[in-house]
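*Asks:* here is my input, please return the structure:
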Amino acid sequence: MTEGTPEPSYHVAGQKLAATRPQQGLYVVATPIGNLADITIRALGVLAGADLVLCEDTRHSATLLDHYGIRTPRRALHEHNEHARIGEVIDRLGQGAAIALISDAGTPLLSDPGFPLVRAVREAGLPVFAVPGASALLSALSVAGLPTDAFGFFGFLPARQAARRKALAQEAERRDTLVYYESPRRLAETLADMAESFGADREAAVALELTKRFERVERGTLADLAARFAEGETRGEAVVLVAGAPERVVAEADWQEALAEALEAQSVRDAVDAVAARFGLKRKEVYDAALALREQKP
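*Replies:* Numbers count the residues shown, from 1 in each chain. Below you'll find the model as predicted:
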């Protein structure tokens, strides 16, 4: 701390609190997804005490940092300049700096910039610390009323319908809860594509404006939700949660017949792969059946 430089601090409920400079390293700091009160005391201390705060958008982050009286220098780090700034950040960390990384909202790296930087810092042998907190992904899971014991997060789907439908087709048979982020202008289209790819009756939920004044979670089938959101304008980015595919009961005679037909035209390997994928079966079970069928041939 140079002479004349104010001691790092932050404000909470009108009280000024001193901040201690963190040890050397990159700090991945979660920030609120809407309600400014949803930030941890540790996060405030790290942001106030760090040598630099890397922001996805410095103007956006100013709302949060100014609200808590944090005066730490800020620099932009986003998808367009991240690779160019990695060397500079690593140099500063190597000289002993403590640098905080934040996104516009929530936990960095979840559909936000930061992964190339974190990987490069790790590969340079420098420390990286998590400062956990708000996350739209986890917040939506906690209130949607869908299973949370296993889930897959897929971020934003492709904007073009053909690519979006292709991506959805690859996830249609997954048994875990599926979680996506989506922009308000594409929400109705995406829900309609999900109804087409996953089935109109698949249970789902859409979480909007989480932690904000007009927070709401809409539940229903994909067909119902697609119709509901097609009726009017939606505000705020959405978290879309879709129940996993139901367990399919497959008659052994059906897949055995399909396997016999596949073996007539394909190699054992290709036939087994095709039937296992089509019926959602374990590959070894299908492979053993294929060998048995081959042995029965004269």
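
*Asks:* switch to C-alpha atoms for all contacts and neighbour counts from now on
*Replies:* OK.

*Asks:* tell me where the stretch 151-298 of the chain has helices.
*Replies:* Along the stretch 151-298 of the chain, the segments classed as helices by DSSP state H, counting those that start in this stretch run 161-171, 187-198, 222-229, 252-265, 268-279, 283-296.

*Asks:* and the shortest one, what other elements does it pack with?
*Replies:* The elements that helix 222-229 packs onto, with contact taken as 3 or more Cα pairs under 8 Å, 6 or more residues apart in numbering; DSSP states H and E, are helix 187-198, strand 203-208.

*Asks:* the first one: how far from the chain's middle?
*Replies:* For helix 187-198, the separation from the chain centroid amounts to 19 Å (computed by Cα atoms, centre = their mean, to the nearest Å).

*Asks:* what's the angle from that helix to helix 222-229?
*Replies:* 170 degrees (axes from the mean of the first three to the mean of the last three Cα atoms, to 10 degrees).

*Asks:* by contact count, what packs against helix 187-198?
*Replies:* If you count contacts as 3+ Cα pairs under 8 Å, 6+ apart, helix 187-198 packs onto helix 161-171, helix 222-229.

*Asks:* what's the closest of the helices and strands packed on helix 222-229 to Ala105?
*Replies:* strand 203-208 (14.2 Å; Cα to Cα).

*Asks:* what's the average pLDDT for the closest one?
*Replies:* For strand 203-208, mean pLDDT is 98.

*Asks:* partner strands of that strand, with direction?
*Replies:* Under the criterion DSSP bridges, strand 203-208 sits next to strand 216-221 (antiparallel), strand 238-242 (antiparallel) in its sheet.

*Asks:* okay, those strands, which one's buried deepest?
*Replies:* Mean neighbour count (mean count of other Cα atoms under 10 Å) peaks for strand 238-242 among the strands paired with strand 203-208, with a mean of 25.
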